[in-house]
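Visitor: have a look at this prediction, sequence included:
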Amino acid sequence: MKRFTVFLLFLAIIPLLAACAPNAPTMQTPGPPATAAPAPTAPAVPAPEATLPPSPTPLPPELQELLDRRNEAAHELFSTLERAQGKDYTDEQKGLIIRTYVATIEAIEAQLTEKNAPLPPLNLPPTPPVAAKKDVFDIGMVTADGVHIQGTYYRPAAVAAPGIVLLHMLGRKRGDWDAFARQLQDAGYGVIAIDLRGHGESEGKREWGKMTQDAAIAADFIRSREEIDPDRIVMMGASIGANIAINYAAQDSKIVGAALLSPGLDYRGIKTEEAVKQYGARPLFIAASSEDDYAAKSARKLDSLALGPHQLLILKNQGHGTQMLGKDNGLEEAIFTWLAEVTAK
């Protein structure tokens, strides 16, 4: 009986204990299995666009103009060569065409390179070397004031050669220099001898004050020759030609030396004292003969005014100007020695 009573008390206490238990789990009737949620879909990524090369940056107008000039020069080169082919130009003439245009193109490219401008390559023809070819031929030139001047050019059998301009005496002509010019040519100099206006085969009147323009066109011609070094040009004159030579050289700072045979302080209004001073410190060679009194006195005076290296040679009984050449008097040897020093690289 006692055991039965205890069992009834235990049954009555169980619900109370269950109600007082903290966080008691709630029993649920199991339902159907849960359906798995679909995996989230990644957002769509657009396909990458095709990558294009960047557009070239436009050149500044002045550089574009240079580039256009360079391309035009290349086009003209090929057009000129095509025309030359149809006219049976010699290889030497074609070579001159190529060298002339290529020099222009390279000068433009140097400016563009200095500015870091892009240079699309050009397929230019090979540039043939300058030929060393000894030759003598006549040439016509026109001065700045429109006078036709005739000259003779003595081409040296050399390249990068020094150049010499020869100016004759009053009333004479360029042929007076011929024997001496050929000696210079044999020694590797390029030489241009001209008839001054109103002399020989040249046109115009004998307007002495304008004859420096004759010297100028002769200097321009010889500088333009591709076998000549334009930075080694010497002026040489006899009598009034000497006065013209020093007056022109005084105006042209690129002349490296002047040689005066029998100059005068004043021939036909062409004076020399101020010209020698203006000529400055460049080398000067002066020669005269003692019996040629005015020329000898003038030579000594001009030598005393020289500001740079100067050489004075006073001969005896040797005549005037180009008359002193071709004799056994040491003049030509002195000129050649002086020229070698003046034109040395």
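Guide: Right, received. Where do you want to start? Residues are numbered from 1 along each chain as shown.
Visitor: longest strand in this structure, please.
Guide: As assigned by DSSP state E, the longest strand anywhere in the chain is strand 228-238.
Visitor: next SSE downstream of the longest helix along the chain?
Guide: Scanning the chain for the helix with the most residues, using DSSP state H, yields helix 61-86. Going down the chain from helix 61-86, the next helix or strand is helix 91-114, by DSSP states H and E.
Visitor: how about that next one: buried residues?
Guide: Under the neighbour-count criterion of 16 or more other Cβ atoms under 10 Å, helix 91-114 has 94-98, 101-102, 104-105, 108-109, 112 buried. For glycine as for every other residue, the C-beta is placed from the backbone atoms N, C-alpha and C.
Visitor: before we move on, what about stretch 75-92?
Guide: For stretch 75-92, burial by neighbour count (16+ other Cβ under 10 Å) applies to 77, 80, 84, 89.
Visitor: the second one: what's it in contact with?
Guide: The reference is to T80. T80 makes contact with 97, 101 under the criterion Cβ atoms under 8 Å, 6 or more residues apart in numbering.
Visitor: now it: how far from A73?
Guide: Remark: distance between T80 and A73 (Cβ to Cβ, to the nearest Å) = 10 Å.
Visitor: quick check: neighbours shared by the two?
Guide: With Cβ under 8 Å, 6+ apart as the test, T80 and A73 both reach Y101.
Visitor: what are the structural domain limits within the protein?
Guide: Listed by automatic domain parsing, the domain ranges of the chain are 62-114, 135-342.
Visitor: pLDDT on the last one, on average?
Guide: Rounded to a whole number, the mean pLDDT of domain 135-342 is 98.
Visitor: can you give me the end-to-end distance of it?
Guide: Its first and final residues considered, domain 135-342 spans 24 Å by Cα to Cα, to the nearest Å.
Visitor: closest to Y294 out of the buried residues of helix 91-114?
Guide: Nearest to Y294, judged by Cβ to Cβ, of those is L96 at 46.4 Å.
Visitor: is it true that I286 lies in a strand?
Guide: Yes: counting by DSSP: H, G, I helix; E, B strand; the rest coil, I286 is part of a strand.
Visitor: that one contacts P309, doesn't it?
Guide: No: between I286 and P309 there is no contact under Cβ atoms under 8 Å: 11.9 Å.
Visitor: so between these two, which is more surrounded?
Guide: Taking other Cβ atoms under 10 Å, I286 and P309 do not tie; I286 has more neighbours (26 against 14).
Visitor: please name the residues that touch the more buried one.
Guide: 259-260, 263, 299, 302-303, 310-313.
Visitor: among these, which pair sits farthest apart?
Guide: The largest separation in the contacts of I286, counting by Cβ to Cβ, is between P263 and Q311 at 13.5 Å.
Visitor: which of the two has more neighbours?
Guide: Of the pair P263 and Q311, P263 is the one with more neighbours under other Cβ under 10 Å, namely 33 against 17.
Visitor: skipping adjacent residues, who's closest to the more buried one in space?
Guide: A242 (3.9 Å; Cβ to Cβ, 6 or more residues apart in numbering).
Visitor: next: P125.
Guide: In space, and not counting its chain neighbours, P125 is closest to I98: 5.8 Å by Cβ to Cβ, 6+ apart.
Visitor: thought the one you found was touching P129?
Guide: No: look at I98 against P129 with Cβ under 8 Å: they stay out of range, at 10.8 Å.
Visitor: perfect, I'm done here.
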